[in-house]
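**Q** heads up, no residue letters with this:
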């Protein structure tokens with residue numbers, strides 16, 4: 001019996017690099033989307049060193065359409081839109097990543113403690129339910145208005161908003177793992193609860209936490225763009241994709257690229273993150289993987305019946 005339990009624990013605690021390599025080999029969508037997102041991040045990091053300054057104005061050449069000198073045109077102050085887009089990507093992607101890391105860390109800690117220590121579950125989850133009862137954007141706006149619009153206010157507000165969702169997902173995973181046989185065997189062997197949580201539970205929560213981080217990043221980017229558009233995030237003249245859309249709405253008729261370029265960029269990044277999250281979820285979640293295989297079988301059966309007829 002002990003040998004079987006050891007084999008189960010060894011299978012569940014497989015090396016993460018090996019599992020990650022297997023996931024990438026089997027999923028082309030994940031590879032393509034990851035490469036595209038990596039290229040966007042690389043462009044945001046590298047291109048500002050080769051583009052004009054985002055604060056360099058040229059009133060004579062304002063509202064120019066895309067051309068060789070200005071691939072994405074100029075804005076109402078004659079500033080290069082491509083330079084502002086790339087520089088704004090640093091702020092938007094960087095802030096979204098920071099919000100995601102803070103919310104994922106706090107949500108993981110709360111979810112681990114709540115799912116493994118039943119005495120703390122009632123208090124922590126009722127608090128999470130109270131947070132989740134408020135509309136996310138309304139709560140973010142209320143916190144930003146009460147604390148004052150700044151990058152730190154937005155970070156605090158969005159971390160508070162997204163923490164309960166991560167905590168709920170992690171808690172459900174911990175509850176499932178806590179009922180496994182090898183966890184019971186570890187308890188019988190005299191291992192402390194804290195060590196069981198760190199050695200056996202935490203490594204098995206990491207794959208699902210990675211999926212949640214990717215999905216959370218997409219949501220954080222959308223809410224960050226909305227707050228910047230409303231003037232509750234990073235304030236101009238520092239460019240972000242959200243405040244670039246807000247600045248360009250007054251020139252929608254004469255210069256639509258001012259809104260379209262940052263808007264399409266946000267949509268593209270969110271789409272790539274969602275596709276990556278969906279692919280990772282299918283890879284790490286056995287139930288989602290089974291449902292995907294059943295859907296493929298349903299598609300193949302009518303095709304086979306038509307070919308035979």
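**A** All right, it came through fine. Keep in mind that what you see is a predicted model, and the values were worked out from it rather than measured.
**Q** OK, contacts around residue 234?
**A** 91, 95, 150, 151, 154, 228, 240, 243 (CB atoms under 8 Å, 6 or more residues apart in numbering). In short, each C-beta sits where N, CA and C put it, glycine included.
**Q** How about residue 272?
**A** By CB under 8 Å, 6+ apart, the contact list for residue 272 reads 33, 36, 37, 40.
**Q** Test my guess that the first one contacts residue 275.
**A** Yes. Contact criterion CB atoms under 8 Å: residue 33 and residue 275 qualify, at 4.6 Å.
**Q** re the thing from before, could the contacts of residue 234 be laid out in CSV, adding neighbour count?
**A** As requested, the contacts of residue 234 are exported to CSV (neighbours: other CB atoms under 10 Å):
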residue, neighbour count
91, 21
95, 22
150, 14
151, 16
154, 25
228, 29
240, 29
243, 26
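**Q** In those, which has the lowest confidence score?
**A** When the contacts of residue 234 are compared by pLDDT, residue 150 scores lowest at 75.
**Q** List just the nearest of the contacts of residue 234 to residue 75.
**A** Using CB to CB, residue 243 comes nearest to residue 75 of those, at 11.6 Å.
**Q** Excluding chain neighbours, give the residue nearest to the closest one in space.
**A** residue 228 (4.6 Å; CB to CB, 6 or more residues apart in numbering).
**Q** If you count neighbours, what's buried in stretch 167-180?
**A** Neighbour-count burial for stretch 167-180, counted by 16 or more other CB atoms under 10 Å, picks out 167, 168, 169, 170, 171, 173, 174, 177, 178, 180.
**Q** contacting residues for the first one?
**A** Taking CB under 8 Å, 6+ apart as the criterion, residue 167 is in contact with 106, 107, 108, 110, 111, 114, 124, 125, 128.
**Q** check which helix or strand covers it.
**A** helix 151-178 (DSSP states H and E).
**Q** Check which element follows that helix along the chain.
**A** Trace forward from helix 151-178 with DSSP H and E and the next one is helix 181-188.
**Q** other SSEs contacting that following helix?
**A** Under the contact criterion of 3 or more CB pairs under 8 Å, 6 or more residues apart in numbering; DSSP states H and E, helix 181-188 touches helix 2-12, helix 193-196.
**Q** Those: lowest mean pLDDT?
**A** helix 2-12 (a mean of 44).
**Q** any residues touching the helix or strand residue 247 falls within, and which ones?
**A** Assigned by DSSP H and E, residue 247 belongs to helix 241-248. Residues from elsewhere that reach helix 241-248, judged by CB under 8 Å, 6+ apart: 75-76, 84-85, 88-89, 92, 224-231, 233-236, 255, 257-259, 261-263, 265-266.
**Q** Just name the closest of the buried residues of stretch 167-180 to residue 283, please.
**A** residue 173 (15.0 Å).
**Q** wait, doesn't that closest one sit right on residue 205?
**A** Yes. Here residue 173 reaches residue 205: they are 5.4 Å apart, a contact under CB under 8 Å.
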